[in-house]
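Visitor: how would this look folded up:
(chains A and B)
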Amino acid sequence: MKKVIIIDDEPLARSMVVEYLQDHPELQLMQECNDGFEGVKAILQHQPDLIFLDIQMPKINGFEMLELVEQPPAVIFTTAFDEYAIKAFEAHAVDYLLKPFSKERFDKAIQKWLEQQSKGTVSNTTEQLLETASLGPSQAQRVVVKNGSKIKIIPSNDIHFLEAADDYVKVHTQEGYFLKNKTMAHFEKSLDTQQFVRSHRSFIVNVQLITRIDPYEKDGHIAILKSGAKVPVSKTGYARLRTVLGL
Amino acid sequence: MNNLGYPATITITDSFVSNGLLAAGCVLVSNNLQYYLPQQERYWYILVLSLIISTAWLFTIKFLLTLLLKQNADYHAFLSKSLSVRFGISFLLIGCMAMISVLWYTFEEQKANAKRKSDAEQLTKDAELYKLRQQLQPHFLFNSLNSINALIGSRPMEARKMVQQLSDFLRGTLKREEHQWIALQEEMDYLQLYLDIEKVRFGNRLSTVFETEAASLPMKIPAMLLQPLVENAIKFGLYDTIGETLIHISTEVQANVLIVEVQNPFDPETSQPNQGTGFGLSSIRRRLYLLFARNDLLETQVKDNIFTTTVKIPQVS
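Guide: Residues are numbered from 1 along each chain as shown, chains lettered A, B, ... in the order given. Next comes the predicted model:
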């Protein structure tokens, strides 16, 4: 018996999937979720094997929701019209269904997943997917993190600096820091490079908050932010900062 | 010159200096014309330029050759006698060079103009295509079709209704031209269709209230002026919020000015701070300015979590 969850903000869209699932008795629908927040909770609670996920949802979109889940399950995306998203994850999602989709198309997607399951190729596809997929500029303007059991949306302007911490990245803001399970490289790519500069192997700094840069030890520097925080700057990092700041 | 019995060294020097400098003169002329291309009646410029350069050339070679070939008195006599001929030849040559240059650079300029024109045309075509695609609103369209699909099984009568609403809406979309003026009633009907379709999609999450003053309905407004307002209301009030949403639209008339107000809730957590003043309304502002030359016709207000946009359309009687 495989466990399934539907996450979509439109009730009618969800009812389509429910209807189509009736012919698949081996799949048990655990819960229907109305948004990404409910989705995160439901995935945690039920540990589904497969989820049907809409991309355009209020407040946090499908990708952002997935980022907040440790070991995300296999995903079949449902979307009305997102050509770009589709191209980005064609290689990695189990499948994507373009609304409105027929029963036959739906059954095909289920079949694909079952085959992947038996062949054992499902693992890690979702992780890879999250590395490549993005919704474009809108996503780079904010970072979605988990704060205990709550979800917090941080506008990128509120980020003071980012610090590498083993498998995670610490996102430092006015209210302290939050952990995000992405790599520094991911942030380097997705955040605005004119505002966020990799000043050090383990640090990315928001240049708008730098009050001054002092020399430090032999070859390095240290950036002092408005908040008083001190961010290390390596030799190459200093060169990057100079280019961006036009020094 | 050799035939006249002058030694090789003299002839070579003479040729070398004369022709070398003549070539230099041609280059000078060409260069000058590249940066200053005389238009229509200014061709006398070429004449004068050729004259000046020929004269300059003449004096230069006379000076140089006299200097280089001091010893030979015969040659000096020859040189003096040949000056007018040399001048004639050089003037002709430089004149020709000038004319060729003018022709060439004019040709180049025309080519550049033609390219600029075709680039601009391409841009316009691209913009139109983009606009058409956006008008189609694929996201809205496909989601609505999906909703209809879902209703067919469970609530077929509602499915029928939605097919009707969607087709009316699409017909309205195709009919609309930006340059027309339409009655407020027509615009309101169109927007109502749009909101009703969204209501079906989002279950009970969306409620709408229309408060229209009867006197305002026959008034004229530019087509598609209010649509972005309502789209914004939906985008920030419905797509980006959780829970129930009320969108409130009211119209009234004051001193021959039509006033339309659109109110929607928004979530400050997800709406970016810089959008608080914009919310994509710059296009409406621009249109109003182009139509009425006024900057005060669009106002926005934020109170608690409600965003209110007010548009004033002066009636041209």
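
Visitor: now do the helices in chain B.
Guide: Ranges of helices in chain B, per DSSP state H, are B:8-35, B:44-68, B:73-136, B:138-154, B:156-175, B:184-201, B:227-234, B:282-292.

Visitor: can I get the ones you listed in a markdown table with mean neighbour count and distance to chain A?
Guide: Heads up, the C-betas are built off the backbone N, CA and C, glycines and all. Formatted as a markdown table, those follow (neighbours: other CB atoms under 10 Å in any protein chain shown; distance: least, CB to the nearest CB, whole Å):
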| stretch | mean neighbour count | distance to chain A |
| --- | --- | --- |
| helix B:8-35 | 15 | 33 |
| helix B:44-68 | 16 | 45 |
| helix B:73-136 | 13 | 10 |
| helix B:138-154 | 19 | 4 |
| helix B:156-175 | 15 | 10 |
| helix B:184-201 | 20 | 5 |
| helix B:227-234 | 20 | 11 |
| helix B:282-292 | 15 | 17 |
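
Visitor: could these be laid out in a markdown table, adding mean pLDDT and distance to B:E252?
Guide: What follows is the helices of chain B, written out as a markdown table (pLDDT from 0 to 100; distance: least, CB to CB, whole Å):
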| stretch | mean pLDDT | distance to B:E252 |
| --- | --- | --- |
| helix B:8-35 | 80 | 63 |
| helix B:44-68 | 81 | 67 |
| helix B:73-136 | 83 | 29 |
| helix B:138-154 | 91 | 29 |
| helix B:156-175 | 91 | 24 |
| helix B:184-201 | 92 | 11 |
| helix B:227-234 | 87 | 16 |
| helix B:282-292 | 83 | 18 |
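
Visitor: can I get these in JSON lines including distance to A:I222?
Guide: Converted to JSON lines, the helices of chain B look like this (distance: least, CB to CB, whole Å):
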{"stretch": "helix B:8-35", "distance to A:I222": "52"}
{"stretch": "helix B:44-68", "distance to A:I222": "64"}
{"stretch": "helix B:73-136", "distance to A:I222": "47"}
{"stretch": "helix B:138-154", "distance to A:I222": "47"}
{"stretch": "helix B:156-175", "distance to A:I222": "58"}
{"stretch": "helix B:184-201", "distance to A:I222": "53"}
{"stretch": "helix B:227-234", "distance to A:I222": "44"}
{"stretch": "helix B:282-292", "distance to A:I222": "41"}
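
Visitor: and the pLDDT at the residue of the stretch 201-317 of chain B found nearest chain A?
Guide: Here the stretch 201-317 of chain B gets closest to chain A at one residue, B:G203, 4.3 Å apart by CB to the nearest CB. In this prediction, B:G203 carries a pLDDT score of 81.

Visitor: give me the neighbour count for it.
Guide: If you count neighbours by other CB atoms under 10 Å in any protein chain shown, B:G203 ends up with 14.

Visitor: now do the contacts for it.
Guide: Applying CB atoms under 8 Å, 6 or more residues apart in numbering or on different chains to B:G203 gives the contacts A:E10, A:P11, A:L12.

Visitor: among those residues, which ones lie close to chain B?
Guide: Checking those against chain B by CB under 8 Å from any CB of the partner chain, the ones in range are A:E10, A:P11, A:L12.

Visitor: now the residue of the stretch 201-317 of chain B closest to chain A: how far from A:M16?
Guide: Distance, B:G203 to A:M16, by CB to CB, to the nearest Å: 14 Å.

Visitor: now B:M224
Guide: 32 Å.

Visitor: between those two, which one's more packed in?
Guide: Applying other CB under 10 Å to B:M224 and A:M16 shows that A:M16 carries more neighbours, namely 26 against 19.

Visitor: in chain A, which helix is the longest?
Guide: helix A:103-119.

Visitor: determine the set of other helices and strands touching that one.
Guide: When contacts are defined as 3 or more CB pairs under 8 Å, 6 or more residues apart in numbering or on different chains; DSSP states H and E, helix A:103-119 packs onto helix A:11-21, strand A:74-79, strand A:95-98.

Visitor: roughly how far does A:A93 sit from A:I43?
Guide: 16 Å.

Visitor: make that B:F292, sorry
Guide: 53 Å.

Visitor: how many other residues sit next to A:Q208?
Guide: 12.

Visitor: mind listing what the nearest residue to it once chain neighbours are set aside touches?
Guide: If you skip the residues right next to it in sequence, A:Q208 has A:Q195 as its closest partner in space, 6.1 Å away by CB to CB, 6 or more residues apart in numbering or on different chains. Contact analysis of A:Q195 by CB under 8 Å, 6+ apart lists A:S156, A:N206, A:V207, A:Q208.

Visitor: now the third one: how far from B:K117?
Guide: This means A:V207. In terms of CB to CB, A:V207 sits 42 Å off from B:K117.

Visitor: can you check the first one too?
Guide: Applying CB to CB, the value for A:S156 to B:K117 is 42 Å.

Visitor: try B:F307
Guide: 43 Å.

Visitor: also B:I306?
Guide: 49 Å.

Visitor: hmm, back to that, nearest to B:L258, of the ones next to chain B among the contacts of B:G203?
Guide: A:E10 (34.7 Å; CB to CB).

Visitor: still on that earlier bit, what angle separates the longest helix of chain A from helix A:11-21?
Guide: Helix A:103-119 and helix A:11-21 are oriented at 60 degrees to each other (axes from the mean of the first three to the mean of the last three CA atoms, to 10 degrees).

Visitor: pLDDT of helix A:103-119, averaged?
Guide: 89.

Visitor: what comes up buried for that helix?
Guide: A:F106, A:A109, A:I110, A:W113, A:L114, A:Q116 (16 or more other CB atoms under 10 Å in any protein chain shown).

Visitor: work out the gap between it and the centre of the chain.
Guide: On the basis of CA atoms, centre = their mean, to the nearest Å, helix A:103-119 sits 25 Å off its chain's mean C-alpha point.

Visitor: map the structural domains onto the sequence of chain B.
Guide: Listed by automatic domain parsing, the domain ranges of chain B are B:2-133, B:204-314.

Visitor: tabulate the ones you listed in TSV, adding columns for distance to B:L170.
Guide: Below are the domains of chain B laid out as TSV (distance: least, CB to CB, whole Å):
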stretch	distance to B:L170
domain B:2-133	13
domain B:204-314	14
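
Visitor: remind me which residues of chain A are low pLDDT?
Guide: A:82-92, A:120-140 (pLDDT under 70).

Visitor: what residues does it have near chain B?
Guide: A:9-13, A:15-16, A:19, A:34-35, A:37, A:56, A:58-59, A:80-81, A:98-100, A:141-142, A:153, A:155, A:157.

Visitor: which of those residues are buried, as a ChimeraX select command?
Guide: Selection of the buried residues among these in ChimeraX, burial being defined by 16+ other CB under 10 Å:
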select /A:9,10,11,12,13,15,16,34,35,37,56,58,59,80,81,98,99,100,142,155
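
Visitor: which residues touch the residue nearest to A:F196 when sequence neighbours are not counted?
Guide: Leaving out its chain neighbours, the residue that sits closest to A:F196 by CB to CB, 6+ apart is A:I204, at 5.3 Å. Taking CB under 8 Å, 6+ apart, we find A:I204 in contact with A:F161, A:L162, A:M184, A:F187, A:E188, A:L191, A:F196, A:V197, A:R198.

Visitor: again, only this time at 6 Å
Guide: A:L162, A:F187, A:F196, A:R198 (CB atoms under 6 Å, 6 or more residues apart in numbering or on different chains).

Visitor: hang on, it in a helix?
Guide: No. Counting by DSSP: H, G, I helix; E, B strand; the rest coil, A:I204 falls outside a helix, being strand.

Visitor: now do the same end-to-end measure for stretch A:166-179.
Guide: End-to-end distance for stretch A:166-179, by CA to CA, to the nearest Å: 11 Å.
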